[in-house]
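Engineer: just a sequence and a predicted model for now, questions to come.
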Amino acid sequence: MKGRIHSFQSLGAVDGPGVRYVVFLQGCTLRCAYCHNPDTWNFDGTEYTVDEVLEKILRYKPYFWENGGVTVSGGEPLLQWEFVSELFRRLHNEGIHTALDTTGIGDPEGARSVLLQTDLVLCDLKFSVAEDYLRYCRGNMDTVLRFLKQTEKLRVPLWIRHVVVPNLTDGRDHILKIAELASGFSNLERLELLPFRKLCRSKYEAMGLPFPFSDYDECTDARIRELYQMIENRFPKMAGYFHFEKKAL
């Protein structure tokens, strides 16, 4: 069993609880206009076996053992679901917490196989309506919502993340719709609003690609605070799902 890998991060702190070993898989069919990792789009990553990846991870087990674990990100991990499912199964045999960082696209049966071995899902909910998913991501929102319902049915704890782009995804109605959608899942543990940044611009330049959102402003920490307050004012119970002090602010 082999997977196409983009890179590894040995001591991550923003991809799930505690200290994480993060495996970034290669390949994604979405083309999100604000994507920070365009270098993961194609499927030409270096191939590793599950044994080879597991060997790398176990070297760092003493660092993440108690409160952390392993997160598989991308690209889109569900496009290599056989590899991820087997890796997570092996990690569980080692007593290691597993987290899936995903956009929620992929084959439902393949996703189910992964979710049965997953302790936590971190899912990007990129837009609140299907038209914007198609326009800005070339994606199908129904597929994402179907995946989120799958996590609920299988009772996998869920963190929903949403990137806030000024003058695009920071409007009142839009943010409240995102919060409403998130609150509808009984397995929701966290809602994270992530500020749009342009650190990725150099990757686009290196690849000879225009960065579609180069003219958009970055999102300020103050705006993130305002949006969390806006959500809390409309949905008071949602305040318990905010953990913005650790990432966005």
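Structural biologist: Cool, the structure landed.

Engineer: for this protein, what helix or strand is lowest in average pLDDT?
Structural biologist: helix 201-206 (a mean of 88; mean pLDDT, DSSP states H and E).

Engineer: what does that one contact?
Structural biologist: Outside of helix 201-206, the residues within contact range by C-beta atoms under 8 Å, 6 or more residues apart in numbering are 36, 37, 38, 39, 210, 211, 214. C-betas here are computed from N, CA, C, even on glycine.

Engineer: dump the residue contacts of the first one.
Structural biologist: Okay, so that is residue 36. With C-beta under 8 Å, 6+ apart, residue 36 has these contacts: 197, 199, 200, 203.

Engineer: coming back round to it: what residues of the next helix or strand after the least confident helix or strand of the chain count as buried?
Structural biologist: Later in the chain than helix 201-206, the nearest helix or strand by DSSP states H and E is helix 221-234. Residues of helix 221-234 classed as buried by neighbour count (16 or more other C-beta atoms under 10 Å): 223, 224, 227, 228, 231, 232.

Engineer: ok, and the closest non-adjacent residue to the fifth one?
Structural biologist: To tie it back to what came earlier, the one meant is residue 231. residue 179 (4.5 Å; C-beta to C-beta, 6 or more residues apart in numbering).

Engineer: quick one: residues contacting that neighbour.
Structural biologist: 191, 231, 234, 235, 238.

Engineer: quick check: the third one vs residue 224, distance?
Structural biologist: Okay, so that is residue 234. 16 Å (C-beta to C-beta, to the nearest Å).

Engineer: ok, the fourth one next?
Structural biologist: Counting by C-beta to C-beta, the gap between residue 235 and residue 224 amounts to 17 Å.

Engineer: go on, the last one?
Structural biologist: Distance, residue 238 to residue 224, by C-beta to C-beta: 15 Å.

Engineer: can you tell me the SS state at the residue at minimal distance from the centre of the chain?
Structural biologist: Closest residue to the average C-alpha location of the chain: residue 101 at 3.8 Å, with C-alpha atoms, centre = their mean. Three-state call for residue 101 (DSSP: H, G, I helix; E, B strand; the rest coil): strand.

Engineer: again with residue 148
Structural biologist: helix.

Engineer: picking up where we left off before, buried subset of the contacts of helix 201-206?
Structural biologist: By 16+ other C-beta under 10 Å, these give 36, 37, 38, 39, 211 as buried.

Engineer: mind checking which of these are in helices?
Structural biologist: Among the buried ones among the contacts of helix 201-206, no member falls in helices (criterion: DSSP state H).

Engineer: closest to residue 45 out of those?
Structural biologist: Nearest to residue 45 among those is residue 39, at 9.8 Å by C-beta to C-beta.

Engineer: show me which strand runs longest in this structure.
Structural biologist: Using DSSP state E to define each element, the chain has its longest strand at strand 2-12.

Engineer: what's in contact with it?
Structural biologist: 15, 19-27, 37, 39-40, 43-50, 53, 56, 60, 63-64, 71, 74-75, 80, 83-84, 87.

Engineer: any buried residues in it, and which?
Structural biologist: For strand 2-12, by 16+ other C-beta under 10 Å, it's 3, 4, 5, 6, 12.

Engineer: any low-confidence regions in this structure?
Structural biologist: Applying pLDDT under 70 to the chain flags residues 244-249.

Engineer: can you give me the helices for it?
Structural biologist: With DSSP H as the criterion, the chain has helices spanning 50-58, 61-64, 81-93, 108-115, 130-137, 141-153, 172-183, 201-206, 221-234.

Engineer: mind checking those helices for the one nearest to residue 164?
Structural biologist: In terms of C-beta to C-beta, the element of those nearest to residue 164 is helix 221-234, at 6.4 Å.

Engineer: burial measure for residue 178, as a count.
Structural biologist: Close neighbours of residue 178, defined as other C-beta atoms under 10 Å, add up to 22.
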